[in-house]
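*Asks:* attaching a predicted model along with its sequence, questions to come.
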Amino acid sequence: MIGRITTLLYGIFCYLVFFATFLYAIAFLGDFGVPRTIDSGVEGSVGMALAINAGLLALFALQHSIMARSWFKRAWTRIVPPAAERSTYVLFSSVALIVLFWQWRPMGGLLWQVDNELGRMAIYWIYAAGWLLLLAATFMINHFDLFGLRQVYLHFREQEYVGLPFRTPGLYRYVRHPIYLAWLCIFWATPRMTIAHLVFALATTAYILIAIQWEEQDLTRAYGDAYRKYRQQVPKILPVAFGREPGHNPASALKSGGATQTVEYPGN
């Protein structure tokens, strides 16, 4: 009983760390309201700042990708309880982001700046919409499973964990990766694009494009033909069906095909 309570409390703690990090990230990338933001601080050598920032981004990318792979999970659950594996992944991801927030270096240089009030407001609306889309997309595929709370709760109740079935709710009928679409809105929607912000946006965009390939390989292995069919019918990130027949409607195609699938993204 003590072990189950401890695992539950650990999962809750990991989630709270994530949530605090999530809130800080909104202010960090938006460049407002917190002591250290993407463009705050004393500028030093551009070369040193670039090297440090590249290292921080690489640290996050490696942690996020390696710990999401099935071979790592098999090895890792020999050390941590299986019920706490997802919570531990969430905790390590949060810590990697906290280190990035703490050590990020401003780099100066202004690539564009929108001074028009309506223009700035429109950009901030896109930025806010990105964060709302991100949260909404996680709840569509089970937010609490994605962040480890469902696993530790079932363990506490002495119920066996069963992975989510494969279905395509809401936004997942129109794009396969609405979470990544949300991140792209967040990374690029800024009225003041500095060199530091551009480095961050370019690096994270490149990571997203690479991570999608790894993630979809895992999903294809997990769900087989169901996911292959889904890939053929639904665009990757943008809800635009390039190269598909005119009038093709992904939502209608999935509905008519009797799909009842939830996309559980192991790399998110």
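*Replies:* Cool, the structure landed.
*Asks:* what about residue 221, neighbour count?
*Replies:* 11 (other Cβ atoms under 10 Å). All C-beta atoms are positioned from the backbone trio N, CA, C, and that covers glycine.
*Asks:* could you find the closest non-adjacent residue to it?
*Replies:* Distance criterion Cβ to Cβ, 6 or more residues apart in numbering; nearest residue to residue 221, sequence neighbours excluded, is residue 70 at 7.9 Å.
*Asks:* would you map the strands across the chain?
*Replies:* Counting by DSSP state E, the chain has strands at residues 110-113, 192-194.
*Asks:* circling back to that earlier point, so the residue nearest to residue 221 sits against residue 218, correct?
*Replies:* Yes. In this structure residue 70 lies within contact range of residue 218 using Cβ atoms under 8 Å: 6.4 Å.
*Asks:* those two - which one has more neighbours?
*Replies:* Ranked by neighbour count (other Cβ under 10 Å), residue 70 and residue 218 place residue 218 first, with 16 against 11.
*Asks:* distance of residue 75 from residue 85?
*Replies:* Distance of residue 75 to residue 85, computed by Cβ to Cβ, to the nearest Å: 11 Å.
*Asks:* more crowded one of those two?
*Replies:* More crowded of residue 75 and residue 85, by other Cβ under 10 Å: residue 85, with 19 against 10.
*Asks:* what's near enough to touch the more buried one?
*Replies:* Listed by Cβ atoms under 8 Å, 6 or more residues apart in numbering, the contact set of residue 85 reads 73, 76, 77, 148, 151.
*Asks:* can you say which of these are buried?
*Replies:* Buried members of those, scored by 16 or more other Cβ atoms under 10 Å, are 76, 148, 151.
*Asks:* now do the second one against residue 7, distance only.
*Replies:* Here the distance between residue 148 and residue 7 works out to 10 Å (Cβ to Cβ).
*Asks:* overlap in contacts, these two.
*Replies:* Common contact partners of residue 148 and residue 7 (Cβ under 8 Å, 6+ apart): residue 84.
*Asks:* in helices only, show me the buried ones among the contacts of residue 85.
*Replies:* Among these, the ones falling in helices (DSSP state H) are 76, 151.
*Asks:* with pLDDT and distance to residue 55 added, can I get the buried ones among the contacts of residue 85 in JSON lines?
*Replies:* Formatted as JSON lines, the entries for those read as follows, by pLDDT from 0 to 100; distance: Cβ to Cβ, whole Å:
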{"residue": "76", "pLDDT": "88", "distance to residue 55": "24"}
{"residue": "148", "pLDDT": "94", "distance to residue 55": "27"}
{"residue": "151", "pLDDT": "95", "distance to residue 55": "32"}
